[in-house]
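S.K.: Compute the structure for the input listed below.
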Amino acid sequence: MSKLGVKPRDSYEVGYNRACALANVSDYEAAETAVKAAYKMGEEALFDEDYTDEEVLAELAPLSVLLSFLMLATGRAEAAVDRLQPLVAGDLHQREISALAANNWAVASFATDTQQKGFFSRSIRKLESLLDKSTNNLLAFDSDIATRLDAEQKQLLHMNRALLYYLSGKLDPAKELSAQLLSAYPGNASVAMLQALLLAKSGKAAEADKLLADFQNNIMDDDSDDSARPILLRAQLALESGNAAVAVQLLGTALPSDLQLRPAVLATRVALLEQTGDVAGAEGLLQSALQHWQQVAKVAPRDQAAGAGVSWCLQRLVTLKLSQGKAGDAMSLYQQLSKLSGGATSTSSAALAKLARAAAAAGDLDAVAVLQKQLPAAYATLGQNVDVDALEDSARAVSSSRRRDEVTRKREADEAAADEQPKKRSKKKRKPRYPKGYDPSKPNGGLPPPDPERWLPKWQRSDAKKKQRRRRDRQETVKGSQGAGRVDEALDRAAKAERGESPDKAKGPAKPNLPARPGKGKGGRR
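M.R.: Residues are numbered from 1 along each chain as shown. This next block holds a predicted model:
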């Protein structure tokens, strides 16, 4: 800009370009200052041209998006959300700026509060609105966006959408999108890690580890800055599967040598070795790390990271030695730590107490004096003017009185429980009541034996069979159809006619002699 004779104060566009250049080199503080100055200059220039508030907001949207990115990079997610909210709520005519604003808003909202109602649905809907709906390609953006965003920005938008699918539990869209991303960006570590996470989420941890191992060995460049990310994810998946030994091996041998002794990785390795019971391995790792950081501190005495590494290794070694019962080694290491830190250490109170007991048992007055200096001011005079013999006697008296009181309370409680317990009533013997005519001195009580056929159905008993036989005999007297049996000849009129006898006229039934009904005569009503 100086060669071209252009200054950031010439226009807000020039200031915006300068802020973008500073952000690319990770100088976020200077970039934020530049973009704020450019935004103020742009507001003054646009208001002078009679722009409305909405038009000014839309015209300066690129500056707001850049400012939100800088806020996110410096850990101010809430400020970034407030900055992007007007852009997301409105309708920007610049589609590429709308896409970047939606992406940054989703990231800032996720960093602020993931439990907010409707966050995932709103974020997914905003990112899906950027796609080209006329095709089935999940990676095709709208024409206005596709021509104005570079490949890295497009990939980032797709990755964030896939992560939103994964975090919201929509595994099928996430798998479909990650498969297309893996084919479109085969050498990208983030895409491979997303695919591995989806496999692990589906209960296929072995396939996820194999995918990351193949990606690490065959596709990814060993000199890449992202070479450690798949290895760390493999260790995490191994820990979630309960295989701590594999995680220790991955963090120890698979990682690049410059990362194996980083503070976070070193602390994780030591904790896993102690968890698996390999105390000797943890001690050897701490010793090698202590030597490494001591060499770095000699080369660069002002390196704060090296000094912090040495202090941390000494503290962990002190704790480890105490757990093994090696109080003398722990005391010598603690003295090194106190000399290194000028007498002020962050050793835990439990470790200090163990060191004090070990030093007192060994009679090391120098060590006791060193430990006394580490005590807080409130504890330095805590034991002064105390009669030890009187304290022991009082403690003995208190313990004996407490024991007596406890015995008395227990006896009283037992007596009260015995009084409250209800007494058992004596059962009265009553004379048994027998059925009528029952004599217990006789067999079967003097009663006739029960009917042996009492459990048989009635139709199977012998008396029922006799009744059936009599009924059958009565039925056998008349056989055949009606009239086929024996007929009284005195009733046969045809036989009488043949014999010349006059048949008797059938007489009808006699009518009763009833009195006349009133009103039915000649003088009755008509």
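S.K.: Excluding chain neighbours, give the residue nearest to Asn104 in space.
M.R.: Once flanking residues are discounted, Asn104 sits nearest to Ser68: 4.9 Å by CB to CB, 6 or more residues apart in numbering. No exception for glycine: its C-beta is placed from N, CA and C like everyone else's.
S.K.: show me what contacts the one you found?
M.R.: 80, 83-84, 101, 104-105, 108 (CB atoms under 8 Å, 6 or more residues apart in numbering).
S.K.: which of the residues you listed lies closest to Arg499?
M.R.: Trp105 (129.0 Å; CB to CB).
S.K.: count of residues packed around that closest one?
M.R.: Trp105 has 23 neighbouring residues, counting by other CB atoms under 10 Å.
S.K.: go on, Asn136?
M.R.: 7.
S.K.: and stretch 240-250, what's its mean pLDDT?
M.R.: Taken as a whole, stretch 240-250 has a mean pLDDT of 85.
S.K.: Same check on stretch 74-85?
M.R.: 87.
S.K.: For that stretch, which residues meet the burial criterion?
M.R.: Residues 76-77, 79-81, 83-84 are the ones in stretch 74-85 that count as buried (16 or more other CB atoms under 10 Å).
S.K.: Check stretch 198-218 too.
M.R.: Under 16+ other CB under 10 Å, the buried positions of stretch 198-218 are 198-200, 205, 208-209, 211-213, 215-216.
S.K.: Same question for stretch 160-178.
M.R.: Buried, per 16+ other CB under 10 Å, within stretch 160-178: 160-166, 168, 173-175, 177-178.
S.K.: go on, stretch 14-30?
M.R.: So, applying 16+ other CB under 10 Å, buried residues of stretch 14-30: 14-20, 22-23, 28.
S.K.: Could you give the number of residues near the nearest residue to Phe215 once chain neighbours are set aside?
M.R.: Spatial nearest neighbour of Phe215, excluding adjacent residues (CB to CB, 6+ apart): Ala192 at 4.4 Å. Ala192: 27 surrounding residues under other CB under 10 Å.
S.K.: what separates Ala192 from Gly169, distance-wise?
M.R.: Per CB to CB, to the nearest Å, Ala192 is found 22 Å from Gly169.
S.K.: Quick check: phi and psi on Phe141?
M.R.: Main-chain dihedrals, Phe141, degrees, to the nearest 10: phi -90, psi 170.
S.K.: ok, and the closest non-adjacent residue to Arg83?
M.R.: Nearest one to Arg83, counting by CB to CB, 6+ apart, is Ser68 at 4.7 Å.
S.K.: what helix or strand does the one you found sit in?
M.R.: Secondary structure from DSSP states H and E places Ser68 in helix 61-73.
S.K.: outside of the following helix or strand past that helix, which residues touch it?
M.R.: Of the helices and strands lying after helix 61-73 in sequence (DSSP H and E), the nearest is helix 77-89. With contact meaning CB under 8 Å, 6+ apart, helix 77-89 is reached by 57, 61, 64-65, 67-69, 71-72, 97-98, 101-102, 104-105, 108-109, 111-112, 126.
S.K.: Turn the buried residues of stretch 14-30 into TSV, including distance to Leu131, secondary structure and pLDDT.
M.R.: Formatted as TSV, these follow (distance: CB to CB, whole Å; DSSP: H, G, I helix; E, B strand; the rest coil; pLDDT from 0 to 100):
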residue	distance to Leu131	secondary structure	pLDDT
Val14	34	helix	82
Gly15	33	helix	83
Tyr16	28	helix	83
Asn17	30	helix	84
Arg18	33	helix	84
Ala19	30	helix	86
Cys20	26	helix	86
Leu22	32	helix	87
Ala23	27	helix	86
Tyr28	31	helix	87
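S.K.: Distance to Leu156 for those residues - can I get that in JSON lines?
M.R.: Formatted as JSON lines, those follow (distance: CB to CB, whole Å):
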{"residue": "Val14", "distance to Leu156": "27"}
{"residue": "Gly15", "distance to Leu156": "25"}
{"residue": "Tyr16", "distance to Leu156": "20"}
{"residue": "Asn17", "distance to Leu156": "21"}
{"residue": "Arg18", "distance to Leu156": "23"}
{"residue": "Ala19", "distance to Leu156": "20"}
{"residue": "Cys20", "distance to Leu156": "16"}
{"residue": "Leu22", "distance to Leu156": "20"}
{"residue": "Ala23", "distance to Leu156": "15"}
{"residue": "Tyr28", "distance to Leu156": "18"}
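S.K.: if we can go back for a sec, pull the helix holding Ser68 out as CSV, backbone CA atoms only.
M.R.: Provided in CSV are the C-alpha atoms of helix 61-73 (Å, rounded to 0.1, in the frame of the first residue of the first chain):
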residue,chain,number,x,y,z
ALA,A,61,-21.9,-6.0,6.2
PRO,A,62,-18.4,-7.3,5.0
LEU,A,63,-16.8,-5.2,7.8
SER,A,64,-19.2,-6.6,10.4
VAL,A,65,-18.5,-10.1,9.3
LEU,A,66,-14.8,-9.6,9.5
LEU,A,67,-15.2,-8.0,12.9
SER,A,68,-17.2,-10.9,14.2
PHE,A,69,-14.5,-13.3,12.9
LEU,A,70,-11.9,-11.4,14.9
MET,A,71,-14.1,-11.4,18.0
LEU,A,72,-14.5,-15.2,17.7
ALA,A,73,-10.7,-15.6,17.2
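S.K.: now that helix and helix 77-89, what's the angle there?
M.R.: With axes from the mean of the first three to the mean of the last three CA atoms, to 10 degrees applied, the angle from helix 61-73 to helix 77-89 works out at 150 degrees.
S.K.: buried sites along helix 61-73?
M.R.: Buried residues in helix 61-73 (16+ other CB under 10 Å): 61-72.
S.K.: Switch those over to JSON lines; also include distance to Gly446.
M.R.: Supplementary listing: these in JSON lines, determined by distance: CB to CB, whole Å:
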{"residue": "Ala61", "distance to Gly446": "115"}
{"residue": "Pro62", "distance to Gly446": "118"}
{"residue": "Leu63", "distance to Gly446": "119"}
{"residue": "Ser64", "distance to Gly446": "114"}
{"residue": "Val65", "distance to Gly446": "113"}
{"residue": "Leu66", "distance to Gly446": "116"}
{"residue": "Leu67", "distance to Gly446": "114"}
{"residue": "Ser68", "distance to Gly446": "109"}
{"residue": "Phe69", "distance to Gly446": "111"}
{"residue": "Leu70", "distance to Gly446": "114"}
{"residue": "Met71", "distance to Gly446": "109"}
{"residue": "Leu72", "distance to Gly446": "106"}
